[in-house]
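Trainee: I would like the atomic coordinates for the input below:
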Amino acid sequence: MINFSHLQLKQSTLNELKKLQINFAFQPIYDLETEEIIAYEALMRPDGGTPLELIDRYEANHQLRIIELATFFGATMAYYERGYQEKLCVNSFPSEVFRPEEAKVYFDYFPNDVNKRLVVEMLEYPRFSPLNWHLKQMQIKKKGIEVALDDFGTGYNDYSSLSLIDPDYIKIDRCMISDININPKKQEVFSKIINMARSLNIKVLAEGVETKEEYNYLRTSGAGLAQGYYLGRPA
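Mentor: Residues are numbered from 1 along each chain as shown. Just a heads-up that it's a prediction; the model follows:
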């Protein structure tokens with residue numbers, strides 16, 4: 001389990017973080033052209049429940065910021081402990097933002113190149129806060145950190161989010177990828193997304209690739225990146 005006690009955060013924040021019993025699994029993300037791993041997505045694994053159950057509980061108590069802090073600090077600790085060299089994708093709530101002193105602790109604690117490795121994945125739930133996103137965006141852009149829209153086409157992460165968030169990546173939700181090799185309607189929609197992304201200089205990542213047939217189709221579709229059980233399970 002991740003230990004947060006040594007971080008130079010406010011004691012009240014540390015007290016809340018200590019209540020969390022969490023660890024992280026990492027799922028590889030592949031470049032479809034080179035077939036090499038170019039990143040890992042950090043996935044929270046709470047003890048005694050699911051991530052969604054934990055998020056729902058903390059949202060109900062207006063404490064999502066604690067989950068945001070735990071995700072960034074915990075995932076990055078686990079990433080460096082494993083010795084990964086590829087990019088690190090960390091999930092982030094569109095409603096939450098680090099306080100300035102917390103951001104300073106984060107960037108002071110980790111190696112100087114963490115900003116070059118980090119990709120902030122904006123989740124499609126639970127809600128979007130334009131003000132907090134603006135504050136978060138300033139923190140991110142100042143450090144040159146890349147941004148991804150997670151599960152594009154679901155929740156708040158739709159076409160209107162592209163101008164608000166200005167992502168470097170869009171991750172196409174699994175519901176679009178499942179059986180895409182035999183579904184002409186999905187193929188047509190996917191092709192339109194690819195063309196739109198190219199025009200905006202946005203990289204496309206296909207999520208939830210679970211079969212060889214889906215993978216083979218995606219390799220010829222123009223999608224640059226992919227992840228899913230067929231390529232590698234979270235470990």
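
Trainee: Quick check: Leu123 touching Asp150?
Mentor: Yes - at 5.3 Å, Leu123 counts as touching Asp150 under the criterion of CB atoms under 8 Å. (C-beta placed from N, C-alpha, C; glycine too.)

Trainee: between the two, who's got more neighbours?
Mentor: Set side by side, Leu123 and Asp150 show unequal neighbour counts under other CB atoms under 10 Å, the larger going to Asp150 at 25 against 20.

Trainee: quick one, phi psi at that one?
Mentor: Per-residue torsions, Asp150: phi -80, psi 150 (degrees, to the nearest 10).

Trainee: mind listing what it touches?
Mentor: 91, 121-124, 157, 171 (CB atoms under 8 Å, 6 or more residues apart in numbering).

Trainee: which one of these sits closest to Ile165?
Mentor: Within those, distances to Ile165 taken as CB to CB reach their minimum at Met122, with 5.9 Å.

Trainee: list the contacts for the closest one?
Mentor: 92, 94, 147-150, 157, 161, 165, 167 are the contacts of Met122 under CB under 8 Å, 6+ apart.

Trainee: and the residues you listed as JSON lines, adding pLDDT, distance to Glu102 and secondary structure?
Mentor: As requested, these are arranged in JSON lines below (pLDDT from 0 to 100; distance: CB to CB, whole Å; DSSP: H, G, I helix; E, B strand; the rest coil):
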{"residue": "Ser92", "pLDDT": "94", "distance to Glu102": "13", "secondary structure": "strand"}
{"residue": "Pro94", "pLDDT": "85", "distance to Glu102": "17", "secondary structure": "coil"}
{"residue": "Val147", "pLDDT": "94", "distance to Glu102": "19", "secondary structure": "strand"}
{"residue": "Ala148", "pLDDT": "94", "distance to Glu102": "22", "secondary structure": "strand"}
{"residue": "Leu149", "pLDDT": "91", "distance to Glu102": "24", "secondary structure": "strand"}
{"residue": "Asp150", "pLDDT": "88", "distance to Glu102": "22", "secondary structure": "strand"}
{"residue": "Asn157", "pLDDT": "52", "distance to Glu102": "25", "secondary structure": "strand"}
{"residue": "Ser161", "pLDDT": "75", "distance to Glu102": "25", "secondary structure": "helix"}
{"residue": "Ile165", "pLDDT": "83", "distance to Glu102": "21", "secondary structure": "helix"}
{"residue": "Pro167", "pLDDT": "92", "distance to Glu102": "23", "secondary structure": "coil"}
